[in-house]
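**Q** need coordinates for the below:
(2 chains)
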Amino acid sequence: MSHQKGLPWLSVDELDTTLAKLGILGSVLLLGLRLLTAQVLLVVIPVATGVACVLYFGVHRRETTVFEYPVLPARAAEYLPAAVIVGLAGLVLTVWLVGSRTLPAYLLTGAIGAAILAQTLLVEETELSPSMILAQLLVSAVVIRLSALFVTPGFVGVDIWTHVPDFVEGIAQTGSLSAISESKYSMAPFYHTIGAIGTLVFGAARPAIYLTMGLLVPLSALLVYATTTLLLPVRWGLVAATLYAFSDQFIRWGLHVIPTSLGLVFFLGAVYCVTRLSTTDDSWLLGVLLAVSLAVVFTHQVSTAILLVFLTIASVAFVAASVLGSATTGPSRRSVVGLVGVSVSTLVVTLISWTLTTWTLDQPFLFRMIGVLRRTIASEAGFLNLAGGGGGGASGGAASSGLLADLIPFIEWFGFALLFSAAVVGGLAMLRADQPTSISATYILSAAAMFVVVFGLSLFGVRAILPGRWMAFMYALLAVMGAVGLAHLSGRASKRVLLAVFVVLAVSYPMSMVVAQKATLDSPAFDETYPRYSYTESEIAAVETISTVYTPEGAADIDSDHPYHTLFERLGGYTGQVVELGETGPANSWPVIQREYQTTGPASVEIDGDPVQSVQAPTVDADRVCPPSRNQVYTNDEVTMCTVSSVTGGGA
Amino acid sequence: MSDDSQHSNGYRARLASLDTDLAVVAVAVVVSAVVLLAGLRGPVAWLIGSPLLMLWPGYAVVAALLPEAPVGDDKHALERGRQRAPDREQDSEQAGEHAHTEQPPATPGWPARLGLSLLLSAIVVAVTGIAVNWLAGIRLAPAVIALAAVTLGFVAVASARRQELPPAARATPLDHEWLQDREESSLIESLTSSVWSTRQARALSVAVLLLLGTVAVVAAVPPQPDGYTESYILTENESGELVAEGYPTTFPAGEGRPLAVGLENNEHRPVNYTVITVAERVGPNGSVQIREEVDRFGVDLAHNESTVVERQFAPTTTGENVRLQFWIYKGELNGSAQPDQTMQLWIDAGSGGSGDT
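**A** Residues are numbered from 1 along each chain as shown, chains lettered A, B, ... in the order given. Below you'll find the model as predicted:
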């Protein structure tokens, strides 16, 4: 029955086209929010949604009568695999010669991604070799990440400096998990246990992390391929895996290898199992789903929350499909009972685990997090409270200005816009059926829920559940849905439209994603806007040496720029903060660390005032960070430690 | 049938009954365990250690869970796509109604099994590690032995489960068609067939060799980071340790005060350091009014070598705004050359009493 009396252009019978129309309308209205805040996502998301809905609506009635699939010339397609491998050799050589990833390396990485994506999208069906493309993709994913990791001294990122030097090495040295018994990982020891065993096997923690979980993360793109091929022909499995492998958030967790990374791998396994459960109900599958779900619980808390959202939505969708659907189309009763059982088991184990995890203030992790969330909603939440957002927002170092600086967020988010557009088309295509399947509902609702957490709650300033961590998980669902969308377009759009979509996607997506901030933590492509979250040998040595010679009995505070102060906190064991500067020097009397990067890179410092203002360090006179009136008691060419002198009374 | 033919058939039958992949896993696990327990480290440990931790355990588990050969692996899925290629409308319908029109393979294909092997390896290693922590402590020998035992246990289960199946239905990723007469492509075959059957073979072979060669060269000659020298000023605390806090601030005229200068050479070459200490009286506008050399010493350090040199500093310059500057020179001292590094300590020189900051 059609409900067309009030709004004739809306119909519940054609849910897909109705939502497409609403999407077009909603995206236009959402663009209006741009007038209230400068958030780039308030342009990117509405435009991506609008374009996707227009594209979907434009082709939905089109009937293709002849084969109109655009393909690459056969000779070009034949030599693309060799070109990809040569490109990887060039990438390894470039990174090795320069000592870090720079613009040529990023362009080469983007070109490699474009060549693989072109093969998945534009090679003649008869010439398509899944195993060949999969091999290229996995080798590329590993080489891109490990080439960056192995030329970077120490580790990339912030949290890993606690996880590896403290926890993993602590377990390996003591031979006991007691090294993490005081942390929130006391009931989530999987990552650290694997790292510790790797440390014993490889003789050092750094290669242990990189050659175990550092390899596991990029190779887990295989699970996205396997998942998508449960729904679509292999071409689209290859497309989904490539989209995911080259996404900034997935690259991020392959560079910053922490429990989130391992939780993400297990989550991909859970997505595969749930997708497969929609059509089969093998016992082994339920066993594996339970194993990976519990593995997430015993690895990482945020990943657990994300998994619980996914499993809950999947359970509801499966139950609904079982109750409302026909006996032949819905999941089997065994699948439904199994999935609900796994979901409930995971929830129960999570609650027990979080209750037994004592974190700060001797309070169970569960109650502590509930309290944090309650306080956040009560005190910080507010519409368009976006400042400093670490989740969906285009956050970075202190603000920089100029035309390029204005364009950078759009360059970075263009890849996401393409992925999101494809996923919106895919989501609408999934709704084409008279009755959406359980797995369609699972994907659409899960992606929507994660989208709300990542972007919706950020819009209201609620970031206590670390929305930035949810993005890589959401991307996995978007990649599969994006492949569905592209498959849908491939059968309906004209050859010209299809060629345009595929070429823009193949060329722009990898290029945009690999230069995004989160994919370049080790050496930002936009190095005047974003600080590097990696350190030179000198910078690391300074922390190690200072922590052996400066060990006051009381509070050991050392301030520096962001992010360098985090290294003093995590590797050095100090309670430092971002240095706060007054008119002539630091606002407090704690030792301050000045480094050469503060004069060349966008590390940030704070200017005393109400409110305290974060600025890029190069905009501040170096003498203001380390005034001549302070003692300078440590130096190593790049780093200087300045302490207050009672003689001059200066520097504080 | 000749004896040779019978012998050949018997040989084939025996080979066919072996689970080649499981044998490879078992041998690799045992060899890896022995090599690691023998104390071998470095690139060899990296090469054998990674699969021991991240592939073999999960592979054995997956083999035990899925003894059947994949039905409808990549090759078949591709065929499904090709069959529908002339009529793309069907594909698009499938995109929307996929679960109704397309049944996934009855058992997962090799890519899915490989993916599951990777993540199940992580689970097996973690669970084994936690068990070892309770039983014997997380040490190399207990961990490696336990991991090898668990993996071999799953290999045995997998082998037993496969034996329960007819040979043609067993998962045999490494066995070629001449061993088992059936059409399902093996893992090796599916990876190599497209490589060696087309014109791209030679170009791809050269490219792969180039990549392997580049990786080998880069691994053999790791990038040399920029060299640096660490310098720091230390003083003795109450318990006799040299620390970077509580420096003496008053230097009575005629009396020296002890300080130590630490130097660490990370320049990737031997360096002859010269440290000159000067006392400078600084005027209100920051200008140096008086400069006096207080101390000078040299020290030779090889790469990665460090030293702490304790000296007495007795400036004759007096005043409240006096700073001791430590000028560190790397290599030969050239007249008026600027020091490579500078440290400083503000002191109250020439007055009585003593104090620390």
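
**Q** the residue most central in space within chain A is in what secondary structure piece?
**A** Nearest to the mean C-alpha position of chain A, by C-alpha atoms, centre = their mean, lies residue A:249 at 2.7 Å. Using DSSP states H and E, residue A:249 sits within helix A:248-255.

**Q** go ahead and name everything in contact with that helix.
**A** Outside helix A:248-255, the residues within contact range by C-beta atoms under 8 Å, 6 or more residues apart in numbering or on different chains are A:141, A:144-145, A:148-149, A:156-157, A:214, A:217-218, A:221, A:244, A:260-261, A:264, A:412, A:415-416, A:471-472, A:475, A:513-514, A:516-519, A:521-522. In short, each C-beta sits where N, CA and C put it, glycine included.

**Q** which other helices and strands contact the longest strand seen in chain B?
**A** Scanning chain B for the strand with the most residues, using DSSP state E, yields strand B:288-301. The elements that strand B:288-301 packs onto, with contact taken as 3 or more C-beta pairs under 8 Å, 6 or more residues apart in numbering or on different chains; DSSP states H and E, are strand B:257-266, strand B:271-282, strand B:306-313.

**Q** how about the residue nearest to the centre of chain A: what's its closest non-neighbour residue?
**A** Nearest non-adjacent residue to residue A:249, counting by C-beta to C-beta, 6 or more residues apart in numbering or on different chains: residue A:472, 3.8 Å away.

**Q** my guess is the one you found meets residue A:263, correct?
**A** No: if you go by C-beta atoms under 8 Å, residue A:472 and residue A:263 don't touch, sitting 9.6 Å apart.

**Q** return the helix or strand in chain A with minimum mean pLDDT.
**A** helix A:457-459 (a mean of 75; mean pLDDT, DSSP states H and E).

**Q** show the contacting residues for residue B:129.
**A** Contacts of residue B:129 (C-beta under 8 Å, 6+ apart): A:193-194, A:196-197, B:138, B:143.

**Q** where's residue A:464, which helix or strand?
**A** Going by DSSP H and E, residue A:464 is not in any helix or strand.

**Q** what's the spacing between it and residue A:31?
**A** From residue A:464 across to residue A:31, the span is 29 Å (C-beta to C-beta, to the nearest Å).

**Q** what do you get for residue A:465?
**A** Taken as C-beta to C-beta, the span from residue A:465 to residue A:31 is 28 Å.

**Q** of the two, who's got more company?
**A** The neighbour comparison of residue A:465 against residue A:31 (other C-beta atoms under 10 Å in any protein chain shown) goes to residue A:465, with 18 against 15.

**Q** pull the contacting residues for the residue nearest to residue B:253 when sequence neighbours are not counted.
**A** Residue nearest to residue B:253 in three dimensions, not counting chain neighbours: residue B:350, with 4.3 Å by C-beta to C-beta, 6+ apart. Applying C-beta under 8 Å, 6+ apart, we find residue B:350 in contact with B:251-253, B:317-319, B:322.

**Q** got the domain boundaries for the chain?
**A** Chain wasn't specified; assuming chain A. Using automatic domain parsing, the domain parsing of chain A gives A:15-151+A:212-520, A:537-643.

**Q** the intended chain is chain B.
**A** Domain ranges of chain B: B:3-220, B:228-349, per automatic domain parsing.

**Q** what's the first helix or strand after the helix holding residue A:249?
**A** Following helix A:248-255 in sequence order, the next helix or strand is helix A:259-277 (DSSP H and E).

**Q** mind checking the longest helix of chain A?
**A** In chain A, taking DSSP state H as the definition, the longest helix is helix A:403-430.

**Q** which neighbouring elements make contact with it?
**A** With contacts taken as 3+ C-beta pairs under 8 Å, 6+ apart, helix A:403-430 sits against helix A:15-31, helix A:41-59, helix A:248-255, helix A:438-451, helix A:467-490, helix A:495-515, helix B:88-101.

**Q** buried sites along that helix?
**A** Residues A:408-409, A:411-430 are the ones in helix A:403-430 that count as buried (16 or more other C-beta atoms under 10 Å in any protein chain shown).

**Q** so which bits of the stretch 351-500 of chain A are right by chain B?
**A** Within the stretch 351-500 of chain A, the positions adjacent to chain B are A:426, A:429-433, A:437-440, A:484-485, A:487-492 by C-beta under 8 Å from any C-beta of the partner chain.

**Q** any idea which of the domains of chain A scores lowest on pLDDT?
**A** Here the domains of chain A differ in mean pLDDT, and the lowest is domain A:15-151+A:212-520 at a mean of 89.

**Q** look at it and report the distance between its end residues.
**A** 40 Å (C-alpha to C-alpha, to the nearest Å).

**Q** phi and psi next, for the residue nearest the centre of chain B.
**A** In chain B, the residue lying closest to the centroid (C-alpha atoms, centre = their mean) is residue B:46, at 8.4 Å. Dihedral pair for residue B:46: phi -60, psi -40, per degrees, to the nearest 10.

**Q** pull out the buried residues from the helix or strand where residue B:23 lies.
**A** Element membership for residue B:23 (DSSP H and E) is helix B:20-37. Neighbour counts using 16+ other C-beta under 10 Å place B:20-22, B:25-26, B:28-29, B:32-33, B:35-36 of helix B:20-37 among the buried residues.

**Q** burial measure for residue 216, as a count.
**A** Unless you meant another one, I'm taking chain A. Residue A:216 has 24 neighbouring residues, counting by other C-beta under 10 Å.

**Q** that's the other chain; I wanted chain B
**A** Neighbourhood size, residue B:216 [other C-beta under 10 Å]: 10.

**Q** keeping just the C-alphas, turn the helix or strand hosting it into CSV.
**A** Secondary structure from DSSP H and E places residue B:216 in helix B:200-220. In CSV, the C-alpha atoms belonging to helix B:200-220 read as follows (Å, rounded to 0.1, in the frame of the first residue of the first chain):
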residue,chain,number,x,y,z
GLN,B,200,52.7,-10.1,-17.8
ALA,B,201,54.7,-13.0,-16.3
ARG,B,202,58.2,-11.7,-17.2
ALA,B,203,57.5,-8.1,-16.2
LEU,B,204,56.0,-9.2,-12.9
SER,B,205,58.9,-11.5,-12.2
VAL,B,206,61.3,-8.7,-12.7
ALA,B,207,59.2,-6.4,-10.6
VAL,B,208,59.1,-8.9,-7.7
LEU,B,209,62.8,-9.5,-7.9
LEU,B,210,63.3,-5.7,-7.8
LEU,B,211,61.1,-5.4,-4.7
LEU,B,212,62.8,-8.2,-2.9
GLY,B,213,66.2,-6.9,-3.8
THR,B,214,65.3,-3.4,-2.6
VAL,B,215,63.9,-4.8,0.7
ALA,B,216,67.0,-6.9,1.1
VAL,B,217,69.4,-4.0,0.6
VAL,B,218,67.4,-1.7,2.8
ALA,B,219,67.3,-4.3,5.6
ALA,B,220,71.0,-4.9,5.3
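
**Q** after it, which helix or strand is next?
**A** Next helix or strand after helix B:200-220 toward the C-terminus (DSSP H and E): strand B:228-236.

**Q** what angle do that next one and strand B:288-301 make?
**A** 110 degrees (axes from the mean of the first three to the mean of the last three C-alpha atoms, to 10 degrees).
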